[in-house]
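**Q** Requesting a structural model of the entry that follows:
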Amino acid sequence: MKKLYILFIALFFLGSCDMLDFDDNINVSPNSPSQASGPQLIANAMRYLPGLSASSTGENGNFLAQYLSETQYVVDSRYPEGGTSFYTYYQNPLINLETVLNTSTSDNQLAVAKILKAYFFWHVTDRWGDVPYSEALQGADDFTPAYDTQESIYDNLFALLDEADSQINESVSLDSDIMYGGDMSQWKKFGNTVRLLMALRLSEVNEEKASAEFSNALDGGIMESNDDNFAYEHLSDASNQNYWYGQVSVQGREWWALSETLVNVMEPVDDPRLPVYGDPARTDGEFAGLPIGSEPAGENTEDFSLLGETVRQQDSAVHLVTYAQALFAKAEAAELGWITEDAETNYNEAVENSILQWTGSTDDAAAFLAQAEIAYDGSIERIATQRYVHLFLHGYEGWAEWRRTGYPDLVPSFGNDVPTRQSYTSDEAFNNTENYQAAVERQFDGDNGLYGKIWWDAD
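**A** Below is the predicted model of the structure:
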């Protein structure tokens, strides 16, 4: 029985697309394709994109970045020990994309599959550190893939994005594209923007490579306006609705409030994005954040700013990679001397486009930027703090940038410091023991805990 269980888990983790062939002629319709097409597989992989920001597991990212606090069932926001599984990414979007890469002959399908593979793996390795990569997604050919180092994964992802950039044919549309409607020029800009942001992540561990990859991304062409944002657009339909709408509006759950950490950054400077991010407390009409990891609010949720109505509409979009992010990255790169562009100009434009993205207007941008606490002062802290505010609800990304820069100041929760990684699950220790142990020993001296430092987290 144990052997069958191991086989079952391994097949699902590694994502074999081959089903057991009991009889080729049973329950097969001659009028229906037996395998999904490349565009269908890519579209299915895209359906997992909003979960990188907001889902039943995506909530944890927003606690790690201290965007949200729990009001009722206060568990995850106290940073308890325990593993988090990366299996779902291998079982679903990554195996879909790997199948396209192994079977498609369309340049644009291959390019988009490469870009999305790089994007998903970037997310995975930045949360856990070393993970299976070069030997993963092989199905029955390899049940126990080795863990690649995060450094080598980054090298491979840069190469993958470079291949995709050269492979894109902008004169041909991509079918079943639920992100950019088939516009390959936008896929090109998205791929290079991911490359730009990945390069910045290496600023503290390999500045020479970081600077070179950053310049390569700029040369390839990055996002040029908010119209290029990589945002998952939900529908006014229960089959494809925003996660927070289902939780708050449908289920009636007042389980999440803006954190005190976030409100303390935004409220003193009258940040125009704050009324979008959260609603005023019902008791006094003021914005009030809930301390991370605090005792349950019980019936007193009305004392705090709950998740804003605007961001939890049924069709509210999930912003994943944005033009404002790229501008913040350019501002930092200019400050570091990687590029000759003006840091202040890029910073100001980043803030303006962030406000435009979240509020739909730039009417308040000039007055906001004129404040001494917001105006550009030449510091990485100023850039990092405004980037943090911009990344609201994209918790894992905000958390990654906090680990890299140390800004803004996040606080301990219930006596526990903010974790610096997510730990591997006991399932992986059981199913892939030798490779799991080697990875934990190599990175963290044998301690698979929440406070080991991944490769690029040098400080």
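
**Q** secondary structure element for Tyr119?
**A** helix 107-128 (DSSP states H and E).

**Q** could you point out which element follows that helix?
**A** Assignment by DSSP H and E places the next element after helix 107-128 at strand 131-132.

**Q** any idea how far that next one is from the chain center?
**A** 17 Å (CA atoms, centre = their mean, to the nearest Å).

**Q** any idea of the mean pLDDT in that strand?
**A** On average, the pLDDT along strand 131-132 is 98.

**Q** For that strand, which outside residues touch it?
**A** Residues outside strand 131-132 that contact it (CB atoms under 8 Å, 6 or more residues apart in numbering) are 86, 90, 121, 124-125, 145-148, 150, 153, 432, 435. Every C-beta, even on glycine, is put in place using the N, C-alpha and C of the backbone.

**Q** Paired strands for that strand, with orientation please.
**A** strand 147-148 (antiparallel) (DSSP bridges).

**Q** and the following helix or strand past the partner strand, C-alpha only, in PDB?
**A** Of the helices and strands lying after strand 147-148 in sequence (DSSP H and E), the nearest is helix 150-167. Presented in PDB, the C-alpha positions along helix 150-167 are these (Å, rounded to 0.1, in the frame of the first residue of the first chain):
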ATOM      1  CA  GLN A 150      18.500  29.000  -6.900                       C
ATOM      2  CA  GLU A 151      21.500  30.600  -8.700                       C
ATOM      3  CA  SER A 152      21.400  28.000 -11.500                       C
ATOM      4  CA  ILE A 153      17.600  28.300 -11.800                       C
ATOM      5  CA  TYR A 154      17.900  32.100 -12.200                       C
ATOM      6  CA  ASP A 155      20.600  31.500 -14.900                       C
ATOM      7  CA  ASN A 156      18.300  29.200 -16.700                       C
ATOM      8  CA  LEU A 157      15.300  31.500 -16.500                       C
ATOM      9  CA  PHE A 158      17.300  34.400 -17.900                       C
ATOM     10  CA  ALA A 159      18.200  32.200 -20.800                       C
ATOM     11  CA  LEU A 160      14.600  31.000 -21.300                       C
ATOM     12  CA  LEU A 161      13.400  34.600 -21.400                       C
ATOM     13  CA  ASP A 162      16.100  35.500 -23.900                       C
ATOM     14  CA  GLU A 163      15.000  32.600 -26.100                       C
ATOM     15  CA  ALA A 164      11.400  33.600 -25.900                       C
ATOM     16  CA  ASP A 165      12.200  37.200 -26.800                       C
ATOM     17  CA  SER A 166      14.000  36.200 -30.000                       C
ATOM     18  CA  GLN A 167      11.200  33.700 -30.900                       C
END
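
**Q** Helix 150-167 relative to helix 107-128, how many degrees between them?
**A** Comparing the axes of helix 150-167 and helix 107-128 via axes from the mean of the first three to the mean of the last three CA atoms, to 10 degrees yields an angle of 160 degrees.

**Q** Kindly provide the whole-number mean pLDDT of the helix or strand following helix 150-167.
**A** For helix 150-167, the succeeding helix or strand toward the C-terminus, using DSSP H and E, is helix 184-201. When pLDDT is averaged along helix 184-201, the result is 98.

**Q** what is the orientation angle of helix 184-201 with helix 107-128?
**A** 30 degrees.

**Q** before we move on, the earlier item: highest neighbour count among the contacts of strand 131-132?
**A** Tyr147 (26 neighbours; other CB atoms under 10 Å).

**Q** tell me the contacts of that residue?
**A** Tyr147 neighbours (CB under 8 Å, 6+ apart): Asp130, Val131, Pro132, Tyr133, Asn435, Tyr436, Ala438, Ala439.

**Q** Just the buried subset of the residues you listed, please.
**A** Listed as buried from these are Asp130, Val131, Pro132, Tyr133, Asn435, Tyr436, Ala439; burial here means 16 or more other CB atoms under 10 Å.

**Q** and which of those is nearest Asn242?
**A** Val131 (28.7 Å; CB to CB).

**Q** still on that earlier bit, what helices or strands is the helix holding Tyr119 leaning on?
**A** Helices and strands touching helix 107-128, by 3 or more CB pairs under 8 Å, 6 or more residues apart in numbering; DSSP states H and E, are helix 38-46, helix 87-89, helix 95-103, strand 131-132, helix 150-167, helix 184-201, helix 395-405.
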